[in-house]
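Undergrad: Mind folding the following:
(chains A and B)
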Amino acid sequence: MAALIRGLRAGRVLRGLGSVAVQGTLSPQCSNVRRGFHRAALLRLANDSKSDTSVPPPSYHEVDTAGESSSSSAHGESSEDAQPNTSFQDQSGEHGEDYETEEQLQARILTAALVYCVCVVNAAPSESTGWRFTTNHRPGFTDEMLIGRCLQGRNCISKKTAEFLRDAVEMRLRMLIPYIDTWPRAMSILLLPHNIPDSLKHLSTMVDDIWYYAGDRSTDVNWYTRRAALTGIYNTTELVMVQDSSPDFEETWAFLDNRIKDVVNMANTAKQVQATGEAVVQGLMGAAITLKNLTGMNQRR
Amino acid sequence: MQRAAKCALRRDLSRAFCPSSVRNCRAVKRVNSSVLCRRYSVLPPPRDEEEKAMLDSMLRVDHAGEYGANRIYAGQMAVLGRTQTGPLIQYMWDQEKMHLERFNEILGEHRVRPTLLLPLWNIAGFALGACTALLGKEGSMACTVAVEDSISEHYNSQIRTLIEADPERYTELLQLIKEFRDDEIEHHDTGLEHDAESVPGYLILKTVIQVGCKAAIYISQRI
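TA: Below is the predicted model:
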């Protein structure tokens, strides 16, 4: 739910980006990818609806036809809607009709925006369009919108959080698979000095989104350490993926698994160290008081 | 939040339907859609990047301020906790804890980044509270007076900014900040009542602390 709202914002961003880059006709490859994404999105919506007990699943036909018609229409104008704030947990028992209507509306917008995003990135990389091509290669918002929508049912306990992070990063990296051959070139374009502010902003927004939908609501230095850790994981996994030749990138997912385990272990270790430190301090205080008692310094005279 | 989602839909519906279909919303005579949603969250949904940035920095510095005040009182309690002023400091500390809780909720809800220097304010606040408490009860009261003076002045300037921008839009936030400012002024007056001014070097102490607070506020707004 929250993720869909983010998708509206994503659509607005994409509209700004895409209006620069979309030119010419859509290739047949594009429309196949579009259809694939469309089906995937609908399937995910259906799965999520089944797991989301309080919401009746939207009808396939309605979303399907609505999606098709809106995707063939103008560029993401449906994403003009303003952004209400939503949070990770949704309890919608009391608002049956409104909720469903909003869900269906947003499902339509979601599929339209996502489809639009995919089609845009099919332009062949060239010197002049290199930057715009790469910009559209980072559909950060849309991904997290979809990811959040799919995986929203999970609670934010640490094991599930780790799974959510893993699935989110995997899902995001899988979107690179169709373009994996030209992706190194795109990465180098992103690292050009005059592109770095924008690419950093994309990356940080994406990582922030993933943590937000994983349930992170921290307001202390953990906010920074978590995002830094996930940025490291994402970047290294992306690099591994680019030179991975195993079937369906299995080695990349194994690498990702190990990195996420590392981060979880480190977090647990940090907690243990803190607990041990506190226990040690308590012990020292106790020892000091015992000493004071033994030497008679604690008595009042 | 589901409540805010309800707001969003109501905002859309209000353009088509009569606003009387919406329950529990004041100012129904106005069709201004932002009014319908305000019941449910402290901030209005941001209408553009600039507003989000402004509100973010305001909330960030407020959160940092409450966090720092929390640590200052903790430092004072560590030294003076078992004396006669203990209960008084504890009472003021509990109010600051409530403020911090509230800001934590708001930051989490609205995805505001906390300031990077929180560990620094942690140590500095505790050190300031402990050092001034070592000067005795008057010292800790003087520190309280100085800090609360800074904070209430800062809240007042925020209130002015929000009122100049759009009082209708930020009603809840204004209400919240006004309430916290009143609490801080109460602490300031309590400090004065309990012989803050009788500490030696009161003016110097007060000036130094207030300069430090201003610097902290300036930095926390940006970083």
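Undergrad: how many neighbours does residue B:102 have?
TA: A count of nearby residues for residue B:102, using other CB atoms under 10 Å in any protein chain shown, gives 17. Backbone N, C-alpha and C define where each C-beta goes, glycine included.
Undergrad: Excluding covalently adjacent residues, which one is nearest to it?
TA: The shortest distance from residue B:102 to any non-neighbouring residue, by CB to CB, 6 or more residues apart in numbering or on different chains, is to residue B:176 (7.3 Å).
Undergrad: Chain A versus the one you found, what's the distance?
TA: To chain A, residue B:176 is 16 Å away according to CB to the nearest CB, to the nearest Å.
Undergrad: With residue B:79 instead?
TA: Distance of residue B:79 to chain A, computed by CB to the nearest CB: 16 Å.
Undergrad: swap in residue B:63?
TA: Distance, residue B:63 to chain A, using CB to the nearest CB: 7 Å.
Undergrad: Please identify the helix or strand for that residue.
TA: Under the criterion DSSP states H and E, the helix or strand holding residue B:63 is helix B:49-80.
Undergrad: Any idea how far that helix is from the middle of the chain?
TA: Taking CA atoms, centre = their mean, to the nearest Å, the mean C-alpha location of helix B:49-80 is offset from the chain mean by 7 Å.
Undergrad: and what of stretch B:184-196?
TA: Mean-position distance between stretch B:184-196 and its chain equals 18 Å (CA atoms, centre = their mean).
Undergrad: In contact with residue B:150: list those residues for me.
TA: Residues in contact with residue B:150 (CB atoms under 8 Å, 6 or more residues apart in numbering or on different chains) are B:209, B:210, B:213, B:214, B:217.
Undergrad: Just the buried residues of these.
TA: Buried by 16 or more other CB atoms under 10 Å in any protein chain shown: B:209, B:210, B:213, B:217, out of these.
Undergrad: Which one of the contacts of residue B:150 is nearest to chain A?
TA: Checking those against chain A by CB to the nearest CB gives residue B:217 as the nearest, at 17.7 Å.
Undergrad: re earlier: tell me which entries of the contacts of residue B:150 lie within helices.
TA: When those are checked against helices (DSSP state H), the matches are B:209, B:210, B:213, B:214, B:217.
Undergrad: follow-up on the earlier one: widest-spaced pair of the buried ones among the contacts of residue B:150?
TA: B:209 and B:217 (12.6 Å; CB to CB).
Undergrad: Give the other helices and strands that the lengthiest helix in chain A contacts.
TA: If you go by DSSP H, chain A has its longest helix at helix A:250-294. Helix A:250-294 sits against helix A:158-174, helix A:222-242, with contacts defined as 3 or more CB pairs under 8 Å, 6 or more residues apart in numbering or on different chains; DSSP states H and E.
Undergrad: Mind putting those helices into JSON lines with distance to residue B:192?
TA: Putting those into JSON lines (distance: least, CB to CB, whole Å) gives the following:
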{"stretch": "helix A:158-174", "distance to residue B:192": "48"}
{"stretch": "helix A:222-242", "distance to residue B:192": "37"}
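Undergrad: Out of those, flag the one nearest residue B:202.
TA: Residue B:202 lies closest to helix A:222-242 among those, at 38.2 Å (CB to CB).
Undergrad: returning to that earlier point: so which of the contacts of residue B:150 would you say is closest to residue A:247?
TA: Set against residue A:247, the nearest of those by CB to CB is residue B:217 (56.7 Å).
Undergrad: That closest one and residue A:172, how far apart?
TA: 38 Å (CB to CB, to the nearest Å).
Undergrad: do the same with residue A:297
TA: Applying CB to CB to residue A:297 and residue A:172 gives a distance of 63 Å.
Undergrad: for residue B:126, same thing?
TA: 41 Å.
Undergrad: ok, back up a step: with neighbour numbers in mind, choose between residue A:297 and residue A:172.
TA: Just comparing residue A:297 and residue A:172: by other CB under 10 Å the higher neighbour count belongs to residue A:172, 21 against 9.
Undergrad: Residue B:44 contacts residue B:170, doesn't it?
TA: Yes: counting by CB atoms under 8 Å, residue B:44 touches residue B:170, with 7.0 Å between them.
Undergrad: picking that back up, can you give me the buried ones in the helix holding residue B:63?
TA: Neighbour counts using 16+ other CB under 10 Å place B:51-52, B:55-77, B:79-80 of helix B:49-80 among the buried residues.
Undergrad: residue nearest the centroid of chain B?
TA: Residue closest to the average C-alpha location in chain B (CA atoms, centre = their mean): residue B:62, at 4.3 Å.
Undergrad: Could you list which of the buried ones among the contacts of residue B:150 also contact chain A?
TA: For chain A, no contacts are drawn from those by CB under 8 Å from any CB of the partner chain.
Undergrad: Now do the SS call for residue B:88.
TA: Following DSSP: H, G, I helix; E, B strand; the rest coil, the label given to residue B:88 is helix.
Undergrad: Likewise for residue A:220?
TA: Following three-state DSSP, we place residue A:220 in the coil state.
Undergrad: tell me the phi and psi of it?
TA: The phi/psi pair for residue A:220 (degrees, to the nearest 10) reads phi -130, psi -160.
Undergrad: what residues are up against it?
TA: B:114, B:118.
Undergrad: What's the separation between the residue nearest to residue B:102 and residue B:183?
TA: Remark: distance between residue B:176 and residue B:183 (CB to CB) = 11 Å.
Undergrad: Tabulate the CA atom coordinates of stretch A:240-259 in CSV.
TA: What follows is stretch A:240-259, C-alpha atoms only, in CSV (Å, rounded to 0.1, in the frame of the first residue of the first chain):
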residue,chain,number,x,y,z
VAL,A,240,29.5,-9.2,-9.0
MET,A,241,26.5,-9.4,-11.1
VAL,A,242,28.0,-7.6,-14.0
GLN,A,243,30.8,-10.2,-14.4
ASP,A,244,28.7,-13.2,-13.4
SER,A,245,28.3,-15.9,-16.0
SER,A,246,26.5,-18.6,-14.0
PRO,A,247,23.0,-19.7,-15.1
ASP,A,248,20.4,-17.2,-13.8
PHE,A,249,23.1,-15.4,-11.9
GLU,A,250,23.1,-17.9,-9.1
GLU,A,251,26.5,-16.9,-7.9
THR,A,252,25.3,-13.3,-7.5
TRP,A,253,22.4,-14.4,-5.3
ALA,A,254,24.7,-16.5,-3.2
PHE,A,255,27.1,-13.6,-2.8
LEU,A,256,24.2,-11.4,-1.8
ASP,A,257,23.0,-14.0,0.7
ASN,A,258,26.5,-14.1,2.3
ARG,A,259,26.7,-10.3,2.5
